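# Got a predicted structure here, sequence first:
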Amino acid sequence: MHLRMICCKGLLGPVLVAILVAACAGWADSTSPVSPTQASRSRIAPLTTDTIASCPVTLPNDKRPTPDPGIRWPPTRRGIGNENATLFTGVGPIVFTPNGAGVRNPDGSLGIKHAWYRTIRGDVVIAGHRLDAPAPPLPVVVLRGPEDGYGETGFHTGGLLFPSEGCWEVTGSVGIESLTFVALVVSLNFDTPLFRSWPAGELEWMGADVSGFPTTIRQTYASPSGGSFKVQTTLGPSQFLPNPETSPISLVVRGSPGLCVHGGADEQGRWQPDLDAAYLEWTAADMTYRIDHVRLGLSCLDLLHVAGSYFLPG
């Protein structure tokens, strides 16, 4: 299992996620629910692009617990907390890939560890249901703190087992306190790349755009200075048409053809070759990969260094 919720200086860059705050390796444990039966899944509707467009996904808010010296929480700026600041968790698309984080079961159910943080004692009871189509409910999970090897308060992970893809509402409760979020649960048939080299400085994962389902996913990372870095993975040939005003540079990324363009469009959509921006796109096997930056001071050679370090999980 692999997962990156925060991208910092180091050997590996971020990777597609079962995105959210699953910070522990391994799936099966005392908090992992049992998979639904095949019979209960026989009439489950598939995920559609209309669902992705209409799902009322929960956005981050500014609520967070008092800093814990042992745990960085939230792991990214993609966190939420309830009104009374007693329960906290992460939000964002929960994305499964063939060799990515979590488990894709033969019956179509999808399991992943998800992190919570609570400031009050008591079991955390987690339940959920699909909003966009009929489906079995999320099997109830109970996080018992010390019995699970965690403290009576603070950080705690537990397994979530979604019976299917879709738009899911999940609620965690401790006594009368609760916290609810809505997230897209998506399963893709391709992996996204990891990178042994990464742009200098700290970049933080800001979210994944799955509007191109089922063939494209785009992940965005931000720097404290306001710059951004994006990684796009597409199953099939490129769908991007270069601006006719650009002057693409032909490059080779580990034996595969690629193009790099320096510059970008301004707020009026006019191409500005001197903007602090660039993108590099290359194809390999049946996949197209694209990395781009804005305001990170990277050249095409810098992007080539990053791209040349890519590999696929598995």
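Great, that's in hand.
# C-alpha only now, for contacts and for neighbours.
Noted.
# Would you map the strands across the stretch 51-200 of the chain?
Ranges of strands in the stretch 51-200 of the chain, per DSSP state E, counting those that start in this stretch, are 79-81, 87-90, 94-96, 103-104, 110-118, 124-130, 138-143, 154-162, 166-174, 177-187, 194-195.
# Tell me which of those approaches Met206 most closely.
For Met206, the closest of these is strand 79-81, at 10.4 Å, according to C-alpha to C-alpha.
# Quick check: buried residues in the closest one?
Using 16 or more other C-alpha atoms under 10 Å as the test for burial, strand 79-81 gives Gly79, Ile80, Gly81.
# Give me the helices and strands touching it, please.
strand 87-90 (3 or more C-alpha pairs under 8 Å, 6 or more residues apart in numbering; DSSP states H and E).
# So what are the sheet partners of the strand it packs on and their directions?
With DSSP bridges as the test, strand 87-90 is paired with strand 79-81 (antiparallel), strand 110-118 (antiparallel).
# quick one: contacts for the spatially closest residue to Ile52 that is not a sequence neighbour?
Leaving aside its chain neighbours, Ile52 sits nearest to Ser211 (6.4 Å; criterion: C-alpha to C-alpha, 6 or more residues apart in numbering). Shown in contact with Ser211 (C-alpha atoms under 8 Å, 6 or more residues apart in numbering): Thr49, Ile52, Ala53, Ile217.
# I'd like to know which of those residues is nearest to Ala278.
The closest of the contacts of Ser211 to Ala278 turns out to be Ile217 (C-alpha to C-alpha; 19.1 Å).
# Give me the next element, helix or strand, following the host helix or strand of that closest one.
Per DSSP states H and E: Ile217 is located in strand 216-222. Going down the chain from strand 216-222, the next helix or strand is strand 228-235, by DSSP H and E.
# I would like the residues contacting that following strand, please.
190, 192-193, 203, 215-222, 286-296.
# okay, it in PDB with CA atoms only?
Extracted in PDB, the C-alpha atoms of strand 228-235 (Å, rounded to 0.1, in the frame of the first residue of the first chain):
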ATOM      1  CA  SER A 228       1.500  25.300  -7.900                       C
ATOM      2  CA  PHE A 229       2.500  22.000  -9.400                       C
ATOM      3  CA  LYS A 230       0.100  19.600 -11.200                       C
ATOM      4  CA  VAL A 231       0.400  16.000 -12.300                       C
ATOM      5  CA  GLN A 232      -2.100  14.800 -14.900                       C
ATOM      6  CA  THR A 233      -2.500  11.100 -15.900                       C
ATOM      7  CA  THR A 234      -4.600  10.200 -18.900                       C
ATOM      8  CA  LEU A 235      -5.400   6.700 -20.300                       C
END
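# mind checking how far it is from the chain centre?
Offset of strand 228-235 from its chain centre (C-alpha atoms, centre = their mean, to the nearest Å): 12 Å.
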